[in-house]
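**Student:** Here's my sequence, what's the structure:
(chains A and B)
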Amino acid sequence: MTEPHALVEHFFRHEYGRMVGLLTRALGVRHLELVEDVVQSALSRALQSWARQGVPSDPSAWLFRTAKNLATDALRRDATFGRIASELASQLTSQLDELKASGLSSHDVELTDESLRLLYLCCHASIPEESQIALALKIVGGFSVSEIASGLLVAPANIEKRITRAKSRLRDIGLELAELTNEQMHARRGAVLHTLYLMFNEGFSATSGDSPLRQDVCDEAMRLARMQLAQPTLGEDPAAAALLALMLLHAARFCTRVDDQQCIVLLADQDRAQWNWARVREGMDWMLRSARGETLTRYHVEAAIAWEHCRAANFADTDWHRVVQLYDRLWQLAPSAMVKLNRLIAQSYSSGVQRAIQALLEFSSEDRRQLRPWWDCAMAQLFQRADQTERAQSHWRDALALAKSTASRQLIEKQLVGR
Amino acid sequence: MFVQFESITMVKYLLIYRDSAEPRPQPSPEEMQGFLAMWGEWFEKCGSSIVDGGDGLLPTGRVLKPTGVVSDGPYVEAKEMIGGYSVIQAESYDAAVSIARDCPISKIGGAIEIRELAGYN
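**Tutor:** As a prediction, this is how the structure comes out:
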């Protein structure tokens, strides 16, 4: 008997995704609801039993056996399965044997074909992106609706709706996990990476330290990115390596983004000694590994920008010329108002504040609307640096009126009071 | 002549875990793992005080009335449903209560009924 806390971190959550993958593959996507119920019950039973008896030597096999039995019972009870119930039940049994034969134990939880297939399914083109993220977090990541809601700063009812709709889309599509070929998975890799990129951004940009769950969402995006890279049949994809590098280089700065009062700390004011340098190093390794092939992706360029920030000893030391060049590259690959704004801010450090102010004033009203409240924040900061306090204050006030999150409001208020 | 040591007699107590019968949102996998870890810590802390970890009870059941009528479902009174039990040993009710106080059941809103075993057999 081992101690219950000897389980690896997030064991239940990750097993949830794996078992949902395994059972869905056997029973079909149309029974996803039943599969999720069965897996939830299997975990409850594990909790009851392991709390008293200790964790069994192969917890993954224990869970899957229990889930299989529960699924078999459910199949027999459900008249719609009729005669195929016993056929499906024996299919499940042979899958368990296979699982045992391949020696998959708890150590390999992260690297399974089933979770990966499930992820590819979630990222189907006919499901809206925001729903892809919620669905992937739910069925692959094993997060509950309320955890996803606080991780993404969206109301639980809203998340519930997105997931329900995405599941009904999946049923309509009628694509089965077992039918996904390697070629199909190859063809969809770009879409999956994009979803993971958005998932990470959602978790990362919803800045406010009040919920560690945002960090969990980012960690999940990194885990899924690693899962892609570890899949031998897919081969190591340079874009996926670049994406993981980008995530790691950002995640290295997690701990310094908010202060004790949960206020946002700007890059210029962050204590670089506190950054997670092991993550920076790992990010750099993946960046090197991503430098292959013919295609330069936005992930490559964004990772390079993040690397420039990590590389500088302090804010003033940043190679702003290089950062501007990289933003130019990014603009060619993925133009957006945010890229334009970030490029200008970088440029203001290399070629002066006045030029940047001029360029910001030339932003279209559509760009400004999209960038709310960041356009005003940028203007305010530039005027501040140019010692035009009055104009800076007026932009801070506009920004404050437009700010959506409590954390960004706090940050702006601090600027208003501070000057 | 012999010296008689004052010996402490340990008494066995049954802990009856009473969950709320009201439907509760299902715990997430992460919460379940956290709960499991709390059980582990509690058991470890209790050491030999735990005589029998006991078992959990499934939410289904039958009730046989003295009239011979059988009805479905567990016997639910005062909106509480028995979810499981354990057996511990302690010197007194006070000591038993202090052991039960650390039980994770109370952290998820469940009540614990503590009953001394009569020891008839």
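
**Student:** Name the SS class of the residue lying closest to residue B:10 once chain neighbours are set aside, please.
**Tutor:** What sits nearest to residue B:10 in space, not counting adjacent residues and going by C-beta to C-beta, 6 or more residues apart in numbering or on different chains, is residue B:89, at 4.4 Å. The way it works is simple: take the backbone N, C-alpha and C, and place the C-beta from them, glycine included. Assigned by DSSP: H, G, I helix; E, B strand; the rest coil, the conformation of residue B:89 is strand.

**Student:** okay, now residue B:89: neighbour count?
**Tutor:** Using other C-beta atoms under 10 Å in any protein chain shown, residue B:89 has 19 other residues around it.

**Student:** so what's it up against?
**Tutor:** Residues near residue B:89 by C-beta atoms under 8 Å, 6 or more residues apart in numbering or on different chains: B:10, B:11, B:12, B:13, B:48, B:49, B:51.

**Student:** give me the residue from the stretch 101-250 of chain A nearest chain B.
**Tutor:** When scored by C-beta to the nearest C-beta, the stretch 101-250 of chain A has residue A:144 as its residue closest to chain B, at 3.4 Å.

**Student:** what's that residue sitting at in phi/psi?
**Tutor:** Phi and psi for residue A:144, reported as degrees, to the nearest 10, are phi -80, psi 170.

**Student:** Run a quick check on it versus residue B:28, I expect a contact.
**Tutor:** Yes. Residue A:144 is within contact range of residue B:28, at 3.4 Å (criterion: C-beta atoms under 8 Å).

**Student:** So which helix or strand of chain A has the lowest pLDDT on average?
**Tutor:** Within chain A, no helix or strand scores below helix A:84-101, which has a mean of 70 by mean pLDDT, DSSP states H and E.

**Student:** Report the buried residues of stretch A:236-249.
**Tutor:** A:237-249 (16 or more other C-beta atoms under 10 Å in any protein chain shown).

**Student:** brain fart, stretch A:385-398
**Tutor:** Buried residues in stretch A:385-398 (16+ other C-beta under 10 Å): A:386, A:388, A:392, A:393, A:395, A:396, A:398.

**Student:** Next: stretch A:57-68.
**Tutor:** Neighbour-count burial for stretch A:57-68 flags A:59, A:60, A:61, A:62, A:63, A:64, A:65, A:66, A:67, A:68 (criterion: 16+ other C-beta under 10 Å).

**Student:** does any part of that stretch sit near chain B?
**Tutor:** No. Shown here: stretch A:57-68 not in contact with chain B (C-beta under 8 Å from any C-beta of the partner chain), separated by at least 10.5 Å.

**Student:** And the helices in the stretch 151-300 of chain A, which stretches?
**Tutor:** Applying DSSP state H, counting those that start in this stretch to the stretch 151-300 of chain A gives helices spanning A:156-173, A:182-205, A:213-230, A:238-251, A:277-290, A:298-311.

**Student:** wait, I meant the stretch 1-150 of chain A
**Tutor:** Under DSSP H, counting those that start in this stretch, the stretch 1-150 of chain A gives helices at A:11-27, A:32-53, A:59-77, A:84-101, A:113-122, A:129-135, A:145-152.

**Student:** again with chain B
**Tutor:** B:29-46, B:93-101 (DSSP state H).

**Student:** is it possible to export those to JSON lines including distance to chain A, mean pLDDT and mean neighbour count?
**Tutor:** Output for those, formatted as JSON lines (distance: least, C-beta to the nearest C-beta, whole Å; pLDDT from 0 to 100; neighbours: other C-beta atoms under 10 Å in any protein chain shown):
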{"stretch": "helix B:29-46", "distance to chain A": "3", "mean pLDDT": "90", "mean neighbour count": "19"}
{"stretch": "helix B:93-101", "distance to chain A": "15", "mean pLDDT": "95", "mean neighbour count": "15"}
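
**Student:** would you turn the ones you listed into CSV with distance to residue B:108?
**Tutor:** Rendered in CSV, the data for the helices of chain B read as follows (distance: least, C-beta to C-beta, whole Å):
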stretch, distance to residue B:108
helix B:29-46, 7
helix B:93-101, 14
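
**Student:** Now residue A:292. Nearest residue, chain neighbours left out?
**Tutor:** Nearest non-adjacent residue to residue A:292, counting by C-beta to C-beta, 6+ apart: residue A:238, 4.8 Å away.

**Student:** Could you restrict the buried residues of stretch A:385-398 to the ones contacting chain B?
**Tutor:** Counting by C-beta under 8 Å from any C-beta, no member of the buried residues of stretch A:385-398 reaches chain B.

**Student:** interface residues of chain B facing chain A?
**Tutor:** Going by C-beta under 8 Å from any C-beta, the residues of chain B near chain A are B:25-33, B:35-37, B:39-41, B:43-44, B:53-56, B:84, B:86.

**Student:** swap the cut-off to 6 Å and go again
**Tutor:** B:28, B:29, B:30, B:32, B:33, B:36, B:37, B:39, B:40, B:53, B:56 (C-beta under 6 Å from any C-beta of the partner chain).

**Student:** Near the nearest residue to residue A:244 once chain neighbours are set aside, how many other residues are there?
**Tutor:** If the residues on either side of it in the chain are set aside, residue A:244 comes closest to residue A:225, at 4.5 Å by C-beta to C-beta, 6+ apart. Using other C-beta under 10 Å, residue A:225 has 27 other residues around it.

**Student:** before we move on, what about the one 4 residues further on?
**Tutor:** Each residue near residue A:229 was counted by other C-beta under 10 Å, and the total is 18.

**Student:** Give me the below-cutoff pLDDT ranges for the chain.
**Tutor:** Reading this off chain A. Scanning chain A for pLDDT under 70 picks out A:1-5, A:79-83, A:95-112, A:206-213, A:418-419.

**Student:** Hmm, no, I was thinking of chain B.
**Tutor:** Checking chain B against pLDDT under 70 turns up B:1-7, B:76-78.

**Student:** Can you show me the strands along it?
**Tutor:** Using DSSP state E, the strands of chain B run over B:11-20, B:50-56, B:62-64, B:70-72, B:80-90, B:111-116.

**Student:** CSV for those, including distance to residue A:229?
**Tutor:** Listed next are the strands of chain B as CSV, based on distance: least, C-beta to C-beta, whole Å:
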stretch, distance to residue A:229
strand B:11-20, 44
strand B:50-56, 40
strand B:62-64, 54
strand B:70-72, 52
strand B:80-90, 43
strand B:111-116, 48
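
**Student:** Thank you, goodbye.
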